[in-house]
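Enquirer: please work out how this folds:
(2 chains, ligands or ions: 1)
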Amino acid sequence: MSNVGKSPWIIHYDGSSCNGCDIEVLAALTPLYDAERFGVVNTGNPKHADIFVVTGGINDQNAPVVKQIYDQMLEPKVVVACGACACGGGVYQTCYNILGGVDTVIPVDAYVPGCAIKPESILDAVIAGVGILDEKAKAMKMNPADKDRSEKDASTGAHASVADVDDGTNADAE
Amino acid sequence: MEIFGFSIWSIIGVIAFLVIAPFIGCILAGLDRKITAGMQGRVGPKLLQPWWDFRKLLAKEDATVNGAQDLYVWLYLIFIVLSGMVFFAGGNFLLCVFIQTLGALFFILAGYSSRSPYADLGAERETVQVMSYEPMVLLVAIGMFMATGSFYVADLLSAEMPLVRYLPLIFIGFLYVLTIKLRKSPFDISMAQHAHQEIVRGIVTEFSGRTLALVELSHWYETILFLGWTGMFVVWAGGWVAGVVAVVVALVIWFFEIWIDNNFARFKWETMLRSAWWVALVAGTVNIVYLLFI
Ligand code: SF4
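Expert: Numbering: from 1, shown residues only, chains lettered A, B, ... in the order given. The predicted structure follows:
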């Protein structure tokens, strides 16, 4: 096991969820489920986080926010879609404003079903995310050029894309 | 025995600090998280969790907001280590305090240089913290000189009585500001111990990867240095017994700090500044007047 997976710091973003899933995410951090056993820290800061936990579906307003949080996170990073809404729109799927699940804007690594999602499933999801995180870290080790953000930005213009989608909405994690 | 004019014990002290301090600091940080979890009825992370966090941060992609920020964080680390070296070599306590303050100032500059509103706020609050604890720390140095006639930490090891015998009130005052120095609740206003609180870790908001790892490392060194200052109050010419007493007292104070951390909600900065200065004024003056008369 590589080192990265032993300290998965998460950032939780509430898309257009009904708040059911968010309450369960917080429950996962309470003494009963105690996610800190696995080294989980709820950071609320994309620059510190390794796992992006999204609840709720994506609509036009929060799409740029989700994208921006994702772009600010540093490799290796993992996205976990928590709950039916985040996986594919859930009960709101056919609403006029909903674009769909999280994978409509950013690549998702793990889908966790449930409406609302259970704290146990969230822990499972984080553990699954840890596995993917380790794989990504290993791949990064093979290719050290991946470690330098500035060069990558220069070649792909990653930051420019953040600016493109930023319509002035503040990234409001939690 | 002397090498290049330094006594062999100073050299051992410096090397031990350089090599062992980060490990002990890391284990103490892990114990802190474990005990905190225990007090909240949780199992908590593994003892070595801070170490895994550190390793993880080193493995992350490099991204710094600007070059100056990295330089300031490095200077913070270097000056904290330098200050610890002066202390554990048995050197001048006043010099140690000044170098440590310089390190703290570089940390504040690092916060300002990242230009994030959260980091700016954190840096401002950290400045207030430095303002709050500095008078008391200087009173410790003054009291130390008045009691022993020397600023040298090594001289305490040949003193008849431990420092706390002359400076009981200053010791209590020092414990008060120690909580501010260790950035523990109720005085965790600059970093907000938990990352999802209002200022998102304050100064370190924009730091990530290796830079954040360096900050962690500096904090470990800092913890050991401050616990060293605590132990300084209880050593005398008692050989290894004095050493054991100092270590035990430092550990007890560390657990006391964790207990305080878990039992108090954060103060406002006004309360912190006012109370710290009052404590410094009352404890310091009364103790120094007492020293003048014995
Ligand atoms: S999955 Fe269900 S509980 Fe979760 S946000 Fe959607 S509607 Fe609410």
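
Enquirer: send the alpha carbons of the longest helix anywhere in chain A over as CSV?
Expert: Secondary structure of chain A per DSSP state H: the longest helix is helix A:119-142. Extracted in CSV, the C-alpha atoms of helix A:119-142 (Å, rounded to 0.1, in the frame of the first residue of the first chain):
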residue,chain,number,x,y,z
PRO,A,119,-23.1,6.4,6.5
GLU,A,120,-21.8,2.8,6.1
SER,A,121,-21.8,3.2,2.3
ILE,A,122,-20.0,6.5,2.6
LEU,A,123,-17.3,4.8,4.6
ASP,A,124,-17.2,2.0,2.0
ALA,A,125,-17.0,4.7,-0.7
VAL,A,126,-14.1,6.4,1.0
ILE,A,127,-12.3,3.1,1.3
ALA,A,128,-12.9,2.4,-2.4
GLY,A,129,-11.6,5.9,-3.1
VAL,A,130,-8.5,5.2,-1.1
GLY,A,131,-7.8,2.2,-3.4
ILE,A,132,-8.1,4.3,-6.5
LEU,A,133,-6.0,7.1,-4.8
ASP,A,134,-3.2,4.6,-4.3
GLU,A,135,-3.3,3.5,-7.9
LYS,A,136,-3.2,7.0,-9.1
ALA,A,137,-0.3,7.8,-6.8
LYS,A,138,1.6,4.8,-8.1
ALA,A,139,1.0,6.0,-11.7
MET,A,140,2.2,9.4,-10.7
LYS,A,141,5.4,7.9,-9.3
MET,A,142,6.0,6.2,-12.7
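
Enquirer: does it reach chain B?
Expert: Yes - counting by C-beta under 8 Å from any C-beta of the partner chain, chain B is contacted by helix A:119-142 at A:137, A:140-141. Heads up, the C-betas are built off the backbone N, CA and C, glycines and all.

Enquirer: just name the closest of these to chain B, please.
Expert: A:Ala137 (5.8 Å; C-beta to the nearest C-beta).

Enquirer: how about the strands in chain A?
Expert: Applying DSSP state E to chain A gives strands spanning A:9-14, A:41-42, A:51-55, A:58-59, A:78-82, A:98-100, A:110-112.

Enquirer: B:Asp155 reaches B:Thr148, doesn't it?
Expert: Yes - between B:Asp155 and B:Thr148 a contact is recorded at 5.9 Å, counting by C-beta atoms under 8 Å.

Enquirer: which one's more surrounded, those two?
Expert: Of the pair B:Asp155 and B:Thr148, B:Thr148 is the one with more neighbours under other C-beta atoms under 10 Å in any protein chain shown, namely 18 against 14.

Enquirer: and that one, how far is that from the ligand?
Expert: 66 Å (C-beta to the nearest ligand atom, to the nearest Å).

Enquirer: residues touching that residue, list them.
Expert: Applying C-beta atoms under 8 Å, 6 or more residues apart in numbering or on different chains to B:Thr148 gives the contacts B:155-156, B:159, B:163, B:166.

Enquirer: just the pLDDT for it.
Expert: Reading off the confidence values, B:Thr148 has pLDDT 85.

Enquirer: and the residue of the stretch 1-150 of chain B found nearest the ligand, which of the three is it?
Expert: Nearest residue of the stretch 1-150 of chain B to the ligand: B:Arg42, at 25.0 Å (C-beta to the nearest ligand atom). Secondary structure assignment for B:Arg42 (DSSP: H, G, I helix; E, B strand; the rest coil): coil.

Enquirer: that one touches A:Val40, doesn't it?
Expert: No - if you go by C-beta under 8 Å, B:Arg42 and A:Val40 don't touch, sitting 11.6 Å apart.

Enquirer: secondary structure element for B:Thr179?
Expert: Applying DSSP states H and E as the criterion places B:Thr179 in helix B:168-181.

Enquirer: and the contacts of that helix?
Expert: Contacts of helix B:168-181 (C-beta under 8 Å, 6+ apart): B:129, B:132-133, B:136-137, B:139-140, B:143, B:163-164, B:186-187, B:222, B:226, B:229-230, B:233, B:253, B:256-257, B:260-261, B:272, B:275-276, B:279-280, B:282-284, B:286-287, B:290.
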